[in-house]
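Trainee: Please find the sequence and the predicted model below.
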Amino acid sequence: MKRLKIIFLLFFFVAGTIFLFISPAVQAGIKASPAKLVITMPEGYPEGEIQYKIKVTNPYSYDIKVSPKALNPFEITEDFTTVPDLSWISIFPESLDIPAKSSGEVEVIIGIPESEKNQQYNKNWEVWVIVQPVGSSVVGGMVIQTQVAVKLFIHTPTGTATPQTPQAPPPFYIVVGIILGLVVIVMTFSHLKKKKDVQVNRAAMFYVKKKRGKDHKDKKT
């Protein structure tokens, strides 16, 4: 029994030592702040675009490149919806080089088209800005790098959306006028073509008669 315990202890000691040497080097991932941005517009839509900056920190001892992008939430917060068009959320730059043990900034720009603003009152949107390292690095084994998400909550102004007026069809008399105009053009073109053909035929007949008359005179002579 004692011998069996010694074997078990020896096994766990060896296994633990091997695990320490070959286990992946797991490091804390990149950080982004603030973790949440709340955007409100109590005085109505601002003129121009809405801009915010997100700070990205590189905790590693080597340089990294990160790529930010806007996505719809994987799990949306209650009472919020997704933004109607993700193209309204732009992030610059598309990629960012961050030196070791330092930070950089990406800019989030919200640009709601003027044609859409009147229809987007009283909305609560949630967008995630995902920041993830580009590629992979190895330090003393495999390094696990995780992406981070900044939650963006957008509250549009309070107001009453005006229904969009559908484009009315052209008045009946305009349609009739266009049709009549086309008919007149076609008839005029056809008349001119026939008139031209008649003139050509008359000229040809005159030429034939003239030639026949000439030939007749020559025979008499």
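Mentor: Sure thing, it's come through. Numbers count the residues shown, from 1 in each chain.
Trainee: For H155, list the residues it contacts.
Mentor: Each residue near H155 by CB atoms under 8 Å, 6 or more residues apart in numbering is listed here: V38, I39, T40, M41, K123, N124. C-beta: built from backbone N, CA, C; applies to glycine.
Trainee: mind listing the helices for the chain?
Mentor: All helices of the chain, identified by DSSP state H, fall at 2-22, 114-117, 172-220.
Trainee: mean pLDDT lowest for which of these?
Mentor: Mean pLDDT is lowest for helix 2-22 among the helices of the chain, at a mean of 49.
Trainee: Check the gap between I154 and V38 for me.
Mentor: Computed with CB to CB, to the nearest Å, the distance linking I154 and V38 is 8 Å.
Trainee: Tell me how many other residues crowd the closest residue to F92 other than its chain neighbours.
Mentor: Ranked by CB to CB, 6 or more residues apart in numbering and with sequence neighbours excluded, the top spatial neighbour of F92 is E107, at 5.0 Å. For E107, the number of neighbouring residues by other CB atoms under 10 Å comes to 13.
Trainee: do the one 5 residues further on as well
Mentor: Counted by other CB under 10 Å, the residues lying close to I112 total 22.
Trainee: Next: L71.
Mentor: Counted by other CB under 10 Å, the residues lying close to L71 total 13.
Trainee: ditto for the one 4 residues further on
Mentor: By other CB under 10 Å, the residues close to E75 number 6.
Trainee: what does the one 3 residues further on give?
Mentor: As a burial measure, the neighbour count of E78 was computed by other CB under 10 Å and equals 6.
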